Every structure is written in structure tokens, then in C-alpha cells.
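Chemist: Build me a structure from this.
(2 chains)
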Amino acid sequence: MTESVAPIVRFRDPQIEMAHGAGGKASRRLVEGLFAPLLYENPGGLLGDAARVKIDGASVAITTDSFVVKPLKFPGGSIGELAVNGTMNDLAVSGARGQAMVVTFVLEEGLPTSVLEEEIRAMSAALRRAGVAMVGGDTKVVERGKADGMYITTTGIGSIMPQVNIDTQSIRPGDKILLSGPIGDHGITILLARGELDLEADLSSDTRCVLPLIEAIAEEAGPGIRWMRDPTRGGVATSLNELARDCRLGIVLSEEKIPMRDEVRGACELLGLDPLHIANEGQFLAVVAPEYADAALNALHQTEGGEDALIIGDVQTEPACAVLVTTRYGGSRIVDMLVGDPLPRIC
Amino acid sequence: MRYVDEFRDPELITKASDEIHRLADTGKHYRIMEVCGGHTHAIYRFGLKDVLPSNIELIHGPGCPVCVLPMGRIDDGLAVARNADVIFTAFGDMMRVPGAHGSPLEHKARGTDVRIVYSPADALQIARKNPDKHVMFFAIGFETTAPSTALTLMRAKAEGIENFSIFCNHVTIVPAIRAILDSPDMRLDAFIGPGHVSTVIGCRPYEWIARNEGKPVVTSGFEPLDLLQSIVMLLRQLHAGEARVENQYKRVVPWEGNRAALKAMAEVFQLRPYFEWRGLGFISQSALKIRDEYAKWDAEQRFPIPNTRVTDPKAAQCGEVLKGVLKPAQCKLFGKECTPEHPIGALMVSSEGSCAAYYNYEHRKAAAMVTSISSVA
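Modeler: Alright, predicted model coming up:
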């Protein structure tokens, strides 16, 4: 009998608010409560960064991402560059090498061509750096006042790195949490670039393609890699909370080891933000088996842009399904997923 | 980072913690109230309970302005915001605070023009840029934020900016402390005095607490070492059988306060005869209203205000938690119906609210420990 069971829709929020797009708890509720039961074929593991599909026996990874950042240009990058790197990174942390990309532009009536051309050039440069081909696209134009200049959606398809097998069920107590470099640069840069705060800092977005770094650890420590994620919206805290819930184990971080620039720390202190909730666009987290931790770190340290990688904590049995941060003087606190939306429209 | 790192130095913190363990009499139980929500947040954020002896109980006080604001005031403010051509501005903390008909953010999603500002001066700037709109700033806070509201109003008057108004919810800290002390179910030993409020009002206004009530007060900073030092100072007084007001936060708080700020407040505000506090009820002379000279910029005088009264959901025990009678997790709704994402009581909304602070930093830690204990047993 193939009688289908009616899918259960659990999403009860009466309307969509900015928090539903912030990557934190509300986003998860929307995806799990509405999209997954009605749309997705295989709801298990759907919160990964890319899906795997089999076509005529061959496995490929596929992902899509929209970019609505405001302002379009910011120190260290712009929407076009972000649109290429973001999708490449989602594939990379899923253990896939981006091979081809398609793009959709939603342009606002009145957008100066010079602005558009600049973004197309930024995309082209990012594609070249990432070694991926743009193979098609679509363009829509909406009335003035409807799209903040432009929105960009990119969809990427990638080949799977055979030496990497990402599976949260393989995570064990004792596994190490690896972070590729300092956190918070992107989120704080965007916040300051909006000019709404009379704060200035010498800071730029960390947007970059992390594929070379991931290829390096896959090469040297591939069998030890259990999970990877790029901590974009919602930051490191949200990514690790999702992980803790999926593997039903505790993630324990050492606060003093979490690297960040003084500018990020200072801005967060002033504004009352937790750096662990701030978005990144050029970093990734990995869970690595302890016997592969040194090899993974060495591989990153020898790759350009991976010099600052370090182990920030480990997996423990307690507190199950939660992230605990220990302070230098013996205190500890739970760090939850992002709730609400401190900084809307950052990517 | 200067003024931060030296107050988080592990060696100094260990020393202060050792001193507290030495001073705390094991036969006694100490109930110390930190008045200010900023302190509550810091205590949880830095995990300070882990370095204190178990017989020192920190009770979270009423010093979270978002938490003590009655729900009806939010509805009143949003009633003004629903007028076409009105831009509603407020600090980010206010945005998710539920009124009876939704929070400012929910109103934003329904089309009301709601904007986050970082200071009332930013709201005035929006008014300058939008002369065809009316910009209302929903002002909240103790004496910490009241001076900047006052200066902004003085600026608006000087520049003749008339498309701007303040919906004033400013409250004052001392009457709230008095209400707590008058409450029959309260037994407190000492107070960690508010830091930021004291930068404006100084330390003198707390002297009656020491003199008349016999409770030591130490005005404290917000870093881990500040708070531990303040507890050391309080324990020393309790040991010696003294009750004085001391200032631990000398690097920021002048004993006499900030005269310029107090002068600006006196120019613009007068005391309301009484004001409702969530959880504490009506407290006389506990809030500020805008003087008649500034009536043109007073949203309550410019717009019809429905004067909404909303009783808190019966099951929510915000009042008891606010007064320190109950711990956050002892409230029937805590962590079930009431969470930071879906706050029912205001203590769950602001990161300075004791329920949100406890939920974010502590309660799952506690829950995890219970699980691990029961799995051992």
C-alpha cells in the first residue's frame, strides 16, 4: 500500500518577520515546520549547507543561496563577490568542489549601470579565483523601491570529494572543534558600513572562498573530518548549537581560544553583542577526530589564509544538545542559537 | 583592550574569589541584590556564580527598564505609531517586547514604520531628514538614559524641530529600591548598587539605605573583577557590622554624580505623581514626565493616548521574580510557554531581564547537570 501520510505543518507564526531570515531559531522553525514537511523529499539532514543527489549513479552536491546585503558595497567586498563565495563555501563545507554555477539577478528600476557593471566584474573575479564556471542565468527587473538596488541568487553544483564523509552520527566525545580564523569580521563590518552608528574601525569583511583550505584538510586529514560548516548568519554559536542538537552531544569551547580582532571585540562590547552570534563569510568550523587534529591543523597552517586556524574546544557528553563556553577563571555559560535578528540583511 | 582586560584578569579574579570564600561565614546565608539589569547580565555572561560560595545568593533587582515597563505603555506607544505619517523609533531592546496587540517588530511586519535607533539624537536626525513625517521616540530607561532624552528635547526646542516628540517612560531607581525594601516578603542583606545610573545621580541618593535600613550598598562596575570586588567590600561591611555606601566604580562614578546631566533632566522633566511598574504596581514619584514648557514635544500631550491597562497573564509570576522572591526557573511558565523567542513576561525579553539572562546562560546548564546526576543514579 502506498497511501501517503499527510505531512505535519508545525509552523504557527502568523506572519513572516526579519528573524525568520536571520539564520537562528526562527529560521530553523520555518524550515523544519513548513518547508521540510511540504517541499522536501528527504527531510532528514536537510539543514546541511548542500544537498546530495544521484544522477545516473553519480553523486553531486547542489546548493542555492540568495544575497540581499545592504549596503551593496562594504570594506573588503560587495554583493557580487559574496554571491560567488557564499555558494562555493556552502558546497566546500559539504565536502564538494564547486564545478558550475547559475545566477538570478533581481534588479531595481533605476539602478545605475555603473553599479551593476561593478558587481558583475566583482563576480567575474571571484569566479576566477574560485575556479568555477558561470554557465547561465536569469534577470528580472522590479519597480523602483522594491529591491534595494539588486538581489542576487546563485545556485552551485559540485563534485564530491571522495576522501570526506560528513556525518553528524559519526561524532564522538573527544572529537576536536577546529576554527579556520578570527570571527565576526563580516557582520561587524556591515554594521559599521551602514553608518548608522558613529563608530569607525579599521575592519573589512572576511569574504573569501574557503575551498583551498578545505581541499588542504581533506587531503591530509580527510577520514578524520566528521562535519564542517561555514558560520554565516547566526555565527559560530548558531552553527555549533545546530550541530549539538543533531548529534545530541555537548560542545565545550574555551573562551580565551576563540580568536577575534580587537575591533570586533570592542564593537561587540560597546553594542552588547556576542561575537559568537556575529556572521562570518570566509571562515569554517570542522569537527575532527582527535587522531587527525594535528594533521588538519598543519595542513591549514601551510595553506595561504589558514595560518590562524586553531582548535577552540571539543565534543563532550555533557551538556547534551548544548554549547558551553568556559571562561579563563573557571566560570562557564551556555551559548544559545541566535534569537531574533541583531543585524538584518548582512548577506 | 584597556579598561576591560585588566578587569577580567584570571589571577586577580581568583584572588577576589578566594577572598570571598574566606570572608563568607559558612554558617550564614547571604542574600545580596544586584539592582541593575546590566549586573544581572554580566553575572550570567561571565558565569560568576561558579566562582562564588554556595551560601552567597545573588537576587536580581528591578533595574531592567524594559522589564518594569507595563505592557499597556507599549500598546499606547504603538497606538500613536499606527497614525499614518508617524515613524516610531526606539532602542533595539524594545523591539521584541510584546504589547497586548503585538511587539514593535510585529507592527513593523504589518506595515507600521518602526525603526531602531541607538540614541534619541538619532531619532531627532530622522525627524530632520523627514520633515513631512512625525518622528516619535519611545523613551525608556532610568537616570542612565534620561539625560540624553533631555538634551535631545532641548536641541529640538532650540532648532524649532516640531515634527518630533518623546513618549516618555523614564523611571527613577531610588523609589523602586524603596518599594523592594518595603515589600514584606523580602529579606536582603546588602545591595550591589547600580553602576550606570550612579554615573548620573552619584552615590548620595543611596545613603538612606545604609542609614535607615542598615543595609550596606556598594556601587559597582560591570566587569567580573568589579562585581567580585564589590561583593568583597559588602562582606567586609557585614562582618564589621557596618552599613555604609561605598563606591567600587570610582573610575566612572563621581560621588556627587554628573551635575550637567542632572541639570538637563531638571530643565526638561518633572516627577509624575505616580507611575505603574510591572511587577511592583504603582509607585509614587517614581517616574518622569515632560514639563509643560516642552509640551509641544510630549507625545502624550500631542496625540490621543488610549491609556491601555493590560493585566499580565495570571500564570506569569514576573512580579515575584522581579522582587527576588522567586528564581526565574521557579515561575510556572519559565522555559515552557515563556522563552526568549516567545516572551510572555518582559523579564524574558531584554537580555538584561533576569529570566532571559538565566535562560540564555544558565538553565540548560542546570538541566544538563540534573540529567547527568540522574543518569549516574
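
Chemist: so what's B:Ser183 closest to, chain neighbours aside?
Modeler: B:Lys323 (5.6 Å; Cβ to Cβ, 6 or more residues apart in numbering or on different chains). Using the backbone N, CA and C atoms, a C-beta is placed for each residue, glycine as well.

Chemist: Tell me the pLDDT of the one you found.
Modeler: For B:Lys323, the model assigns a pLDDT of 76.

Chemist: Check B:Ala100 too.
Modeler: 87.

Chemist: That one: how many residues sit nearby?
Modeler: Around B:Ala100 there are 13 other residues, counting by other Cβ atoms under 10 Å in any protein chain shown.

Chemist: Thought B:Gly72 was touching it, still the case?
Modeler: Yes: the pair B:Ala100 / B:Gly72 is scored as a contact, 7.5 Å apart, by Cβ atoms under 8 Å.

Chemist: In this model B:Pro184 seems to touch the residue nearest to B:Ser183, though I could be wrong.
Modeler: No: with contact defined as Cβ under 8 Å, B:Lys323 and B:Pro184 do not form a contacting pair (10.5 Å).

Chemist: which residues of the stretch 1-150 of chain A score low on pLDDT?
Modeler: A:1-5, A:42-47 (pLDDT under 70).

Chemist: do that again at 80, thanks
Modeler: For the stretch 1-150 of chain A, the stretches flagged by pLDDT under 80 are A:1-7, A:41-48.

Chemist: residues in contact with whichever residue of it sits closest to chain B?
Modeler: Going by Cβ to the nearest Cβ, chain B is nearest to A:Glu17 of the stretch 1-150 of chain A, at 4.7 Å. A:Glu17 makes contacts with A:26, B:105-106, B:108-109, as judged by Cβ atoms under 8 Å, 6 or more residues apart in numbering or on different chains.

Chemist: let's go with 10 Å and repeat that
Modeler: With contact set as Cβ atoms under 10 Å, 6 or more residues apart in numbering or on different chains, A:Glu17 has these partners: A:26, A:340-341, B:96, B:103, B:105-106, B:108-110.

Chemist: any idea how far A:Gly57 is from it?
Modeler: From A:Glu17 across to A:Gly57, the span is 44 Å (Cβ to Cβ, to the nearest Å).

Chemist: Before we go further, B:Lys108 is sitting in a helix, right?
Modeler: Yes: per DSSP: H, G, I helix; E, B strand; the rest coil, B:Lys108 lies within a helix segment.

Chemist: confidence score at it?
Modeler: Value for B:Lys108, per-residue pLDDT: 92.

Chemist: do the same with the one 10 residues further on
Modeler: The per-residue pLDDT reported for B:Tyr118 equals 86.

Chemist: How about it, nearest residue that isn't a chain neighbour?
Modeler: Nearest non-adjacent residue to B:Tyr118, counting by Cβ to Cβ, 6+ apart: A:Leu197, 5.8 Å away.

Chemist: The one you found contacts B:Gly92, doesn't it?
Modeler: No: the pair A:Leu197 / B:Gly92 is not scored as a contact, 11.4 Å apart, by Cβ atoms under 10 Å.

Chemist: Pick out whichever of the contacts of A:Glu17 sits closest to A:Gly95.
Modeler: A:Ala26 (28.2 Å; Cβ to Cβ).

Chemist: For that closest one, which three-state class applies?
Modeler: Reducing the assignment at A:Ala26 to three states with three-state DSSP gives helix.

Chemist: still on that earlier bit, mind checking how far the residue nearest to B:Ser183 is from chain A?
Modeler: 25 Å (Cβ to the nearest Cβ, to the nearest Å).

Chemist: Help me confirm that that residue comes into contact with B:Gly279.
Modeler: Yes: using Cβ under 10 Å, B:Lys323 is in contact with B:Gly279, at 6.8 Å.

Chemist: Spit out the residues that contact these two alike.
Modeler: By Cβ under 10 Å, 6+ apart, the residues touching both B:Lys323 and B:Gly279 are B:62, B:179.

Chemist: Please pick the buried ones from the contacts of A:Glu17.
Modeler: Buried members of the contacts of A:Glu17, scored by 16 or more other Cβ atoms under 10 Å in any protein chain shown, are A:26, A:340-341, B:96, B:103, B:105-106, B:108-109.

Chemist: Could you count how many residues lie near B:Asp93?
Modeler: With other Cβ under 10 Å as criterion, B:Asp93 counts 21.

Chemist: Isn't it up against B:Gly353?
Modeler: Yes: counting by Cβ under 10 Å, B:Gly353 is a contact partner of B:Asp93 at 9.3 Å.

Chemist: Determine the residues that are contacts of both of the two.
Modeler: Residues touching both B:Asp93 and B:Gly353 (Cβ under 10 Å, 6+ apart) are B:37, B:64, B:66-67.

Chemist: And the furthest pair within the residues you listed?
Modeler: Longest distance between any two of the shared contacts of B:Asp93 and B:Gly353 is 8.1 Å, between B:Gly37 and B:Val66; criterion Cβ to Cβ.

Chemist: hang on, the earlier thing: tell me, what's touching B:Ala100 and B:Gly72 both at once?
Modeler: Taking Cβ under 10 Å, 6+ apart as the contact rule, B:Ala100 and B:Gly72 both touch B:308-311.

Chemist: out of the residues you listed, which one sits closest to A:Ala237?
Modeler: Among the shared contacts of B:Ala100 and B:Gly72, B:Val310 lies closest to A:Ala237 (Cβ to Cβ), at 33.6 Å.

Chemist: residues in contact with the closest one?
Modeler: B:70-75, B:98-101, B:278.

Chemist: Report the separation between the nearest residue to it once chain neighbours are set aside and chain A.
Modeler: The shortest distance from B:Val310 to any residue other than its chain neighbours is 4.1 Å, reached at B:Met71 (Cβ to Cβ, 6+ apart). According to Cβ to the nearest Cβ, B:Met71 stands 19 Å off from chain A.

Chemist: pLDDT value on B:Met71, please?
Modeler: 88.

Chemist: I'd assumed B:Thr311 was in contact with it.
Modeler: Yes: B:Met71 lies in contact with B:Thr311 (Cβ under 10 Å); the separation is 8.6 Å.

Chemist: What residues does the stretch 151-300 of chain A have near chain B?
Modeler: Proximity of the stretch 151-300 of chain A to chain B is confined to A:196-199, A:250, A:255-256, A:262, A:265-266, A:269-274 under the rule Cβ under 10 Å from any Cβ of the partner chain.

Chemist: ranking those residues by neighbours, who comes first?
Modeler: Most surrounded of these: other Cβ under 10 Å gives A:Gly250, at 24 neighbours.

Chemist: re earlier: could you name every residue contacting both of B:Met71 and B:Thr311?
Modeler: B:Ala100.

Chemist: Which of these two has more residues huddled nearby?
Modeler: Using other Cβ under 10 Å, the more surrounded residue of B:Met71 and B:Thr311 is B:Met71, with 21 against 9.

Chemist: Would you mind measuring from the more buried one to B:Ala90?
Modeler: In terms of Cβ to Cβ, B:Met71 sits 15 Å off from B:Ala90.

Chemist: Export the shared contacts of B:Ala100 and B:Gly72 to CSV and append columns for pLDDT and secondary structure.
Modeler: Shown next, in CSV, are the shared contacts of B:Ala100 and B:Gly72 (pLDDT from 0 to 100; DSSP: H, G, I helix; E, B strand; the rest coil):
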residue, pLDDT, secondary structure
B:Thr308, 87, coil
B:Arg309, 86, coil
B:Val310, 83, coil
B:Thr311, 80, coil
